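> everything below, folded, please.
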Amino acid sequence: MTTESALSRNGMWERLARGRVIDLAQPMRQGMPQSANHPPFRMIIERRHGDTVRSDGGSAANELIVTGGHVGTHVDALGHVSQDGRVHGGIAAETIQSNRGLAQLGIDAFEPFVGRGVLLDVTRVHGLPVLPPGYEITPEDLEAAAALAEVELRPTNAVLIGTGWSRLWSEHDRFIGRDSGVPGPGVAAARWLVGQGVRVVGGETIAFERLAPGAGHSVLPVHRVLLVESGVNIIETMRLHELLDTHVAEFLFVLAPLSIVGATGSPVRPLAVVDE
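Now for the predicted structure:
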């Protein structure tokens, strides 16, 4: 290793050490907001301190966790959604699925992401802390957010869209938006993102798309465009409001879902490392 490369590497570590790590995952607890399409999160302490005591006086507690793969902050595997019986790559869904999981396109096929993350803050474009329920994000919104932040998207980036919706996490029914809807990208915005060559996208709501008032999850065309047609993974129910408040548009992004063989999705704890 040359002196120059050693200094460069040392500088990298010093820069990372100065960085602020922002947790982008919502806390998982029983009763948290989630889509009704998935099994709810439950946790119980199966063994308590004192139930079993070792000869030296030591004891331990442990828990039993039951959860769907698409509950809390999570990543959708490419095999999560099909269209007309086919998943990404034109594969017939029935040929890769069983009660043991997906033989292909499961979350275990997702390669952990460590790289450039970009935040497109649509709330800042509109001068609002939270976008209105049912608002459809357009390509023009995303272009305006990028211009406002003076940031360019590059192929293989992770792109997060700020709607401010994570500020409503403690308001269960409002967050779910069953009656009022939730903001999110429409099909045109999804195709715009695909055109930028993104590797993964993420947002704050329970579905990475605009949900119309009263419509719920009746149709999910953005999932079709991203997962089925384009092979772009989706992160949902992210906690982005702390990152939004920094007004930082690019950062080191770390994303590593659990490698659950054959699963259609997995809980995740994404991290943004912000250079301060």
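
> all helices for the stretch 51-200 of the chain, in order.
Taking DSSP state H, counting those that start in this stretch to define them, one finds helices in the stretch 51-200 of the chain at 122-126, 139-149, 172-176, 187-195.

> the longest one: how far from the chain's middle?
Helix 139-149 has its average C-alpha position 20 Å from the chain's average C-alpha position, going by C-alpha atoms, centre = their mean, to the nearest Å.

> what mean pLDDT does it have?
For helix 139-149, the mean per-residue pLDDT is 98.

> can you list contacts of it?
For helix 139-149, the surrounding residues in contact (C-beta atoms under 8 Å, 6 or more residues apart in numbering) are 118-122, 124-125, 152-153, 161-162, 185, 188-189, 191-193, 247, 249. For every residue, glycine as well, the C-beta is placed using N, CA and C.

> could you do the last one as well?
By C-beta under 8 Å, 6+ apart, the list of residues contacting helix 187-195 from outside reads 136-139, 141-143, 159, 185, 201, 209, 221-222, 225-226, 229-230, 232.

> which SS state does the residue nearest the centre of the chain fall under?
With distances taken as C-alpha atoms, centre = their mean, residue 235 lies nearest the centre of the chain, 2.1 Å away. Using DSSP: H, G, I helix; E, B strand; the rest coil, the structure places residue 235 in strand.

> identify the residues contacting it.
Applying C-beta under 8 Å, 6+ apart to residue 235 gives the contacts 73-76, 160, 200-203, 208, 255, 268, 270.

> in the lengthiest strand in the chain, what's buried?
Identified as the longest strand of the chain according to DSSP state E is strand 113-121. Judged by neighbour count using 16 or more other C-beta atoms under 10 Å, the buried positions of strand 113-121 are 113, 116, 117, 118, 119, 120, 121.

> pLDDT below threshold where in the stretch 151-276 of the chain?
Along the stretch 151-276 of the chain, the model assigns pLDDT under 70 to no residue.

> for burial, what's the neighbour tally of residue 183?
When neighbours are defined as other C-beta atoms under 10 Å, residue 183 has 25 of them.

> wait, it sits on residue 163?
Yes - contact criterion C-beta atoms under 8 Å: residue 183 and residue 163 qualify, at 4.7 Å.

> anything in contact with each of those two?
With C-beta under 8 Å, 6+ apart, residue 183 and residue 163 have common neighbours 122, 131, 135, 137, 205.

> what sits closest to the last one if chain neighbours are left out?
For residue 205, the nearest residue in space outside its immediate sequence neighbours is residue 182; the separation is 4.5 Å by C-beta to C-beta, 6 or more residues apart in numbering.

> check the third one too.
Residue nearest to residue 135 in three dimensions, not counting chain neighbours: residue 183, with 4.0 Å by C-beta to C-beta, 6+ apart.

> returning to that earlier point: can you lay out the shared contacts of residue 183 and residue 163 as JSON lines showing distance to residue 55 and neighbour count?
Shown next, in JSON lines, are those (distance: C-beta to C-beta, whole Å; neighbours: other C-beta atoms under 10 Å):
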{"residue": "122", "distance to residue 55": "60", "neighbour count": "26"}
{"residue": "131", "distance to residue 55": "60", "neighbour count": "25"}
{"residue": "135", "distance to residue 55": "63", "neighbour count": "19"}
{"residue": "137", "distance to residue 55": "61", "neighbour count": "27"}
{"residue": "205", "distance to residue 55": "52", "neighbour count": "26"}
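
> these two touch, right, residue 83 and residue 230?
No - contact criterion C-beta under 8 Å: residue 83 and residue 230 do not qualify, at 11.9 Å.
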